[in-house]
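In: with the input below, show me the fold.
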Amino acid sequence: MMVTEVIAQINEGKSLAGADLAGLDFSGADLSGADLSGANLQGCKFANARLQRANLTGADLRHADLSGADLTGSDLSGISTDGTTFVNANQKGVRIDRERLKVMVRTGRSLFGYDLSGMDLAGMDLRNAKLHFADLRNSNLEGADFRGAVLNDADLSFANLKDADFRGASLKRANFTRSIRTGAKVRKWAMKKAYIAGATAYRD
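Out: As a prediction, the model looks like this:
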């Protein structure tokens, strides 16, 4: 299949789930909203491409180039990424799975603005995780370890934080509205910089 054919099908709203598109050059192309779930995208070039709200779940993106791509709101759950380049890619609101989250935390990657809402992350090791502006609404984070994590401006509203450990975590402007915090280990001075609806607790 040629690049022009792929783009035409996407513009017509057709699904390309499971398609073999390996090696194609989509640099600068508009693939917004594309269904590429389970597709073979090995070695594809997506440099500066628009992939907003694209469904890439289970796609094989090994050795693909996504440098400068706009991945806003796309779903990258279950993707294969050996040798994949994400340099300068806009990943705000990107959805990932638990296993990829583990890898990103372990390797020190930033999860700025990622969509982790509603996920079951109970007991997960999130020490030193970079979760600025992350969306963790309604997530199950019971017993999770956030020691040393950066959660500035993260949204933890309605999340289950029972027995979670936030010692040493940065919580500036983090939203804890209606979250379950029973048994959570968190310093009072840290919570004073967080936010709970009805009373802004951010102070110098």
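In: and this structure, what are its domains?
Out: Listed domain ranges for the chain are 1-88, 96-197 (source: automatic domain parsing).
In: for the chain, which segments count as strands?
Out: Ranges of strands within the chain are 195-196, 199-200, based on DSSP state E.
In: middle-most residue in this protein, spatially?
Out: With distances taken as CA atoms, centre = their mean, Tyr114 lies nearest the centre of the chain, 3.1 Å away.
In: now do the same contact list for the closest residue to Arg137 other than its chain neighbours.
Out: Spatial nearest neighbour of Arg137, excluding adjacent residues (CB to CB, 6 or more residues apart in numbering): Ser117 at 4.5 Å. Bear in mind the C-beta positions are built from the backbone N, C-alpha and C, glycine included. By CB atoms under 8 Å, 6 or more residues apart in numbering, the contact list for Ser117 reads Asp135, Leu136, Arg137, Asn138, Ser139, Asp155.
In: from Ser179, how far out is Ser117?
Out: Distance of Ser117 to Ser179, given as CB to CB, to the nearest Å: 13 Å.
In: also Asp82?
Out: Asp82 sits 36 Å away from Ser179, going by CB to CB.
In: settle it for me: which of those two has more neighbours?
Out: The residue with more neighbours, out of Asp82 and Ser179, is Ser179; 23 against 9, by other CB atoms under 10 Å.
In: ok, the spatially closest residue to that one that is not a sequence neighbour - how many residues close by?
Out: The spatial neighbour of Ser179 that comes closest, neighbours along the chain excluded (CB to CB, 6+ apart), is Ala159 at 4.7 Å. Residues lying near Ala159 (other CB under 10 Å) number 29.
In: thinking Ala159 is in contact with Phe146, fair?
Out: No. Judged on CB atoms under 8 Å, Ala159 makes no contact with Phe146 at a distance of 11.4 Å.
In: how about low-confidence regions in the chain?
Out: Residues of the chain meeting the criterion pLDDT under 70: 199-204.
In: list the contacts for Thr182?
Out: Thr182 makes contact with Lys162, Asp163, according to CB under 8 Å, 6+ apart.
In: any idea how far it lies from Ser32?
Out: From Thr182 across to Ser32, the span is 42 Å (CB to CB).
In: now swap in Arg181 and tell me
Out: According to CB to CB, Arg181 and Ser32 sit 39 Å apart.
In: how close does Gly28 sit to Arg106?
Out: With distances taken as CB to CB, Gly28 is found 33 Å from Arg106.
In: stretch 133-149: which residues count as buried?
Out: Residues of stretch 133-149 classed as buried: 133-137, 139-147, 149 (neighbour count, 16 or more other CB atoms under 10 Å).
In: and what of stretch 106-123?
Out: Using 16+ other CB under 10 Å as the test for burial, stretch 106-123 gives Leu111, Phe112, Gly113, Tyr114, Asp115, Leu116, Ser117, Met119, Leu121.
In: just stretch 75-93 next, same as before
Out: 75-77, 79-81, 84-86, 89-93.
In: how about the helices in the protein?
Out: Along the chain, counting by DSSP state H, helices occupy 3-11, 98-106, 188-191.
In: quick one: contacts of the first one?
Out: It stands for helix 3-11. Outside helix 3-11, the residues touching it (CB under 8 Å, 6+ apart) are Leu16, Ala19, Leu21, Leu24, Asp25, Phe26, Ala29, Asp30, Leu31, Gly33, Ala34.
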